[in-house]
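Enquirer: What follows is a predicted protein model with its sequence.
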Amino acid sequence: MVLKQVLEVSDLIDDGYVTGMKVKKVFEKYSKVSVSVQTVTGEKGHTDFIKIVIPGKNGKTNQGSAPTLGIVGRLGGIGARPKKIGMVSDGDGAVAALSAAYKLADMQTKMDELPGDVIVTTHICPNAPTQSHQPVDFMDSPVTIMQMNQYEVTDEMDAVLSIDTTKGNKIVNHKGISISPTVKEGYILKVSSELVNLMETVTGDLANTFPITIQDITPYGNGVYHLNSILQPAVATDAPVVGVAITTISAVPGSASGSNHEGDIALAAQFAIEVAKQFTSNELNFYENDEYNKLVELYGSLKNFQTLGSD
């Protein structure tokens, strides 16, 4: 159960004075876990990027060979102060990622240490700007997507789960969590059947998936429409990336307060934890390697879609 961690993390970051250092203190009691915080200033303010490394028994941090999972809490900001009072819907990604890290750290003290490392990254900004978007307003960020990827996506990650609020649209009409197809080096691959099976186990319901387009996996700043930033980590890595969307039936603005549903956040966090268990144990694949290699052989590299293009 990870709901306890979700409630504690939500209470901690629903605060106009919260900082990355305050979040770091939560992990001080876990001697094996390392946490780093870096404040980055952009044109619209500043934010604290936080990186939490939960080492595995046979992980790279212990000179082992087990694969590393990256869990990215993707968001513009956890609050839009002074325009909005309290935590906004967009903060779900940070809460889910931090809660997963908190639970994984606690598991290590109870004989439940994973084989491989898990790296959790997100950023803490209680006073981010907002931006106009259809059908509902989005949260903006004090820093660019490029800066987010710089601090949230690392070379050590062998696969990435990107957790993001995905409520501000009329494409996903489902309350709970939803996963995307796997994205790798410009290719939108099929939805992983192994992740589908695991999702159904965690939720106790039929798996829900959401559609993505070529536009969604290209970098922000190229002038084309994006569903949101959930697949932006895919432009910064050769590792496979899957979006884990926290969703609603109705279109809810990312800048809306009073719209954080703890049960749905807990589902996203628990799903990430279960993926971490199996992926770092080499028991789960994000994509079929042979099929991916066949696509590259037939159609060549699509890495150009990870760039801003020729314009």
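Expert: On my side now, so go ahead.

Enquirer: Poorly predicted segments of the stretch 1-150 of the chain, please.
Expert: 133-134, 136-137 (pLDDT under 70).

Enquirer: Same check on the stretch 201-311 of the chain?
Expert: Judged by pLDDT under 70, the stretch 201-311 of the chain has its weakly predicted residues at 311.

Enquirer: let's see it at 90
Expert: Within the stretch 201-311 of the chain, the set of residues satisfying pLDDT under 90 comprises 221, 253-255, 309-311.

Enquirer: what ranges do the strands span in it?
Expert: 241-247 (DSSP state E, counting those that start in this stretch).

Enquirer: which one is Thr109 nearest to, not counting chain neighbours?
Expert: Leaving out its chain neighbours, the residue that sits closest to Thr109 by C-beta to C-beta, 6 or more residues apart in numbering is Tyr30, at 7.2 Å. Any C-beta I mention is one placed from the backbone N, CA and C, and that applies to glycine too.

Enquirer: Sorry, wrong one. I was asking about Gly186.
Expert: Nearest residue to Gly186 in three dimensions, chain neighbours excluded: Leu302, at 3.0 Å (C-beta to C-beta, 6+ apart).

Enquirer: Might you report the residue contacts of the one you found?
Expert: For Leu302, the contacting residues are Glu185, Gly186, Tyr187, by C-beta atoms under 8 Å, 6 or more residues apart in numbering.

Enquirer: want to try a markdown table for these, with secondary structure, pLDDT and neighbour count as columns?
Expert: Putting these into a markdown table (DSSP: H, G, I helix; E, B strand; the rest coil; pLDDT from 0 to 100; neighbours: other C-beta atoms under 10 Å) gives the following:
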| residue | secondary structure | pLDDT | neighbour count |
| --- | --- | --- | --- |
| Glu185 | coil | 98 | 20 |
| Gly186 | coil | 97 | 18 |
| Tyr187 | strand | 98 | 21 |
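
Enquirer: would TSV of those residues with distance to Cys125 be doable?
Expert: Shown next, in TSV, are the contacts of Leu302 (distance: C-beta to C-beta, whole Å):
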residue	distance to Cys125
Glu185	30
Gly186	30
Tyr187	32
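
Enquirer: re earlier: separation between the residue nearest to Gly186 and Thr237?
Expert: When distance is defined by C-beta to C-beta, to the nearest Å, Leu302 is 14 Å away from Thr237.

Enquirer: Quick check: buried residues in stretch 219-226?
Expert: Neighbour counts over stretch 219-226 (16 or more other C-beta atoms under 10 Å) mark Pro219, Tyr220, His226 as buried.
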